[in-house]
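**Student:** Quick one, what's the 3D model for this:
(one chain, ligands or ions: 2)
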Amino acid sequence: MNGRVFVIGLGLIGGSLALCIKKEHQDAVVVGFDINSEQARLAKMLGVIDEIAGNISDGAIDADLIIIAAPVNETKEIIQLLAELPLNPKVIVTDTGSTKSKIVESAASLLQKGITFIGGHPMAGSHKSGVSAAKEILFENAFYLLTPGNLIEEYKVELLKEWLIGTNAKFLTVTPENHDYLTGVVSHFPHIIAASIVRQTEKIAEAESLIPRLAAGGFRDITRIASSSPEMWKDILLHNRDTLIELLDQWQDEMNGIKTLLEKEKSDAILDYFKQAKKFRDGLPQKEKGAIPAFYDLFVDIPDYPGVISEITGYLAKENISITNIRILETREDIIGVLVISFQTEEDRQKAERCIGIYTSFATSVGT
Ligand SMILES: NC(=O)C1=CN([C@@H]2O[C@H](COP(=O)(O)OP(=O)(O)OC[C@H]3O[C@@H](n4cnc5c(N)ncnc54)[C@H](O)[C@@H]3O)[C@@H](O)[C@H]2O)C=CC1
Ligand SMILES: O=C(O)C(=O)Cc1ccc(O)cc1
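**Tutor:** Ligands and ions are numbered 1, 2, ... in the order given. Reported below is the predicted structural model:
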């Protein structure tokens, strides 16, 4: 497709979408604006955008597609600003905010002027921010939720999907309210829990200096998202306040339930509790990316001898397979350790599995 695409907010998400659009629609011109001029300059320098707009008005007026990829509160303000501008009547305006009800509500001002607004939320990301973390592969296989509303003609939604086809995401249409409930459950609420575990541990660590050194493995897995942008998450929580209060009440019941089982030493019930959790967790679709992005992990059983890790990474480098992360799950003397290697794509993971199979006798498996 050709035309002018205007991306407002050139961070992780805006930058990644700009890359997807540039890759797929080489005749299109991608213009960007960020309130932080350094981010905009960096985006241009990295080839994420073709041009920098001096301000929102300059970039918006002749755009065919406007993507607002700013924090959720700013998104509402930008929508109000756009509603005051003489936009191209055929333009499609979309956003990437993690919440939808309040944003879609504020877009009534655009709809009243006959401008198409389709709420959007690519359900993949990272705890990192900024354009330097942007990558065109970010949304591969992820769900991309759209909230077009009844007044939007179907062909406009198709047009938007066509613009966004380079994301390789799976589009789903939901209502803004349903969106906020679903993402509240699988994304926003887990952030509160991750942060609360970290905060509780921090308090205990004041008296127990070994804690930070011991907090590895499972602790790091379950709390990774607590390293996300505090400003961004503060606004997401406030936008989705009602859902999250409801979920917090449910969680408290859940915690009280397990507390009672412990107090009463209900061994069978505790076993059932974990069995049920494992069954549901193990049954979750593995190849689909959800709110928590799947890193494509390969588990390699390794003997504990010096140089074994560099040996494996050496084979992968020899075959030109890029890795995004590497860590050891467990190593104790004489016991086989497990090396977890993360890849950006399923294809890389499969190549790595073959490569390790050829060069070594180490057993590999695909994690969940
Ligand atoms: N980080 C993630 O994993 C995901 C984030 N989202 C949503 O996407 C949106 C963007 O998030 P990120 O890219 O992660 O944040 P980011 O912090 O990496 O980028 C946001 C950018 O917006 C700019 N900005 C702020 N106010 C602005 C304004 N008034 N005008 C122009 N630019 C402005 C900031 O300077 C920053 O460069 C947020 O609404 C977030 O909820 C959606 C999916 C995943
Ligand atoms: O870092 C992670 O795993 C995330 O949870 C990424 C994320 C952040 C915000 C969203 O609205 C969707 C996905």
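**Student:** Which residues does the helix or strand Val198 falls within contact?
**Tutor:** Val198 is located in helix 189-205, with elements delineated by DSSP states H and E. Residues from elsewhere that reach helix 189-205 (Cβ atoms under 8 Å, 6 or more residues apart in numbering): 211-212, 215, 219, 222-226, 228, 233, 236-237, 244, 247-248, 251, 291-292. The C-beta positions use only the backbone N, C-alpha and C, and glycine is treated the same way.
**Student:** Just the buried ones from the residues you listed?
**Tutor:** Buried members of the contacts of helix 189-205, scored by 16 or more other Cβ atoms under 10 Å, are Ala215, Thr223, Ile225, Ala226, Ser228, Trp233, Ile236, Leu237, Leu244, Leu247, Ala291.
**Student:** and ligand 1, which of these reach it?
**Tutor:** Checking these against ligand 1 by Cβ under 6 Å from any ligand atom, the ones in range are Ile236.
**Student:** out of the buried ones among the contacts of helix 189-205, which are inside helices?
**Tutor:** Secondary structure from DSSP state H places Thr223, Trp233, Ile236, Leu237, Leu244, Leu247 of the buried ones among the contacts of helix 189-205 in helices.
**Student:** SS state for Ala207?
**Tutor:** Per DSSP: H, G, I helix; E, B strand; the rest coil, the secondary structure class of Ala207 is coil.
**Student:** neighbours of it, just the number please.
**Tutor:** 7 (other Cβ atoms under 10 Å).
**Student:** quick revisit: in the buried ones among the contacts of helix 189-205, which has the lowest confidence score?
**Tutor:** Ranked by pLDDT, the buried ones among the contacts of helix 189-205 bottom out at Ala291 (46).
**Student:** mind listing what's buried in the helix holding Val198?
**Tutor:** Across helix 189-205, burial judged by 16+ other Cβ under 10 Å covers Phe189, Pro190, His191, Ile192, Ile193, Ala194, Ala195, Val198, Thr201.
**Student:** Pick the one among these closest to ligand 1.
**Tutor:** Comparing the buried residues of helix 189-205 against ligand 1 with Cβ to the nearest ligand atom places His191 closest, at 10.6 Å.
**Student:** gap between the spatially most central residue of the chain and ligand 1?
**Tutor:** Centroid check for the chain by Cα atoms, centre = their mean gives Gly125 as the closest residue, at 2.1 Å. For Gly125, the distance to ligand 1 (Cβ to the nearest ligand atom, to the nearest Å) stands at 2 Å.
**Student:** Could you number the chain from 34 rather than 1 from now on?
**Tutor:** From this message on, residue numbering opens at 34, which makes the last subject Gly158.
**Student:** And that residue, how far from ligand 2?
**Tutor:** 3 Å.
**Student:** One more: Val81?
**Tutor:** For Val81, the distance to ligand 2 - Cβ to the nearest ligand atom - is 19 Å.
**Student:** pLDDT below threshold where in this structure?
**Tutor:** By pLDDT under 70, the low-scoring segments of the chain are 319-328, 362-369, 400-401.
**Student:** Write out the residues of it neighbouring ligand 1.
**Tutor:** So the chain meets ligand 1 at 41-47, 66-69, 72, 102-105, 107-108, 111, 129-131, 154-155, 158-159, 162-163, 262, 265, 269 (Cβ under 6 Å from any ligand atom).
**Student:** ok so, going back, just the buried ones among the contacts of helix 222-238 now: which is nearest Met34?
**Tutor:** Ala324 (28.7 Å; Cβ to Cβ).
**Student:** which residues of the protein fall in strands?
**Tutor:** 37-41, 62-66, 84-85, 98-101, 125-128, 149-155, 176-180, 203-206, 329-335, 358-365, 368-376, 397-399 (DSSP state E).
**Student:** So for the first one, what gets flagged as buried?
**Tutor:** Residues of strand 37-41 classed as buried: Arg37, Val38, Phe39, Val40, Ile41 (neighbour count, 16+ other Cβ under 10 Å).
**Student:** Next, the contact list for the last one, please.
**Tutor:** Think Ile41. Here Ile41 is in contact with 47, 65-67, 89, 92-93, 99-103, 111 (Cβ under 8 Å, 6+ apart).
**Student:** quick check, nearest of these to Asn358?
**Tutor:** Of all these, Gly47 has the smallest distance to Asn358: 24.2 Å, by Cβ to Cβ.
**Student:** is it true that that closest one touches Val40?
**Tutor:** Yes - using Cβ atoms under 8 Å, Gly47 is in contact with Val40, at 4.7 Å.
**Student:** Before I go, just wanted to say thanks for your time.
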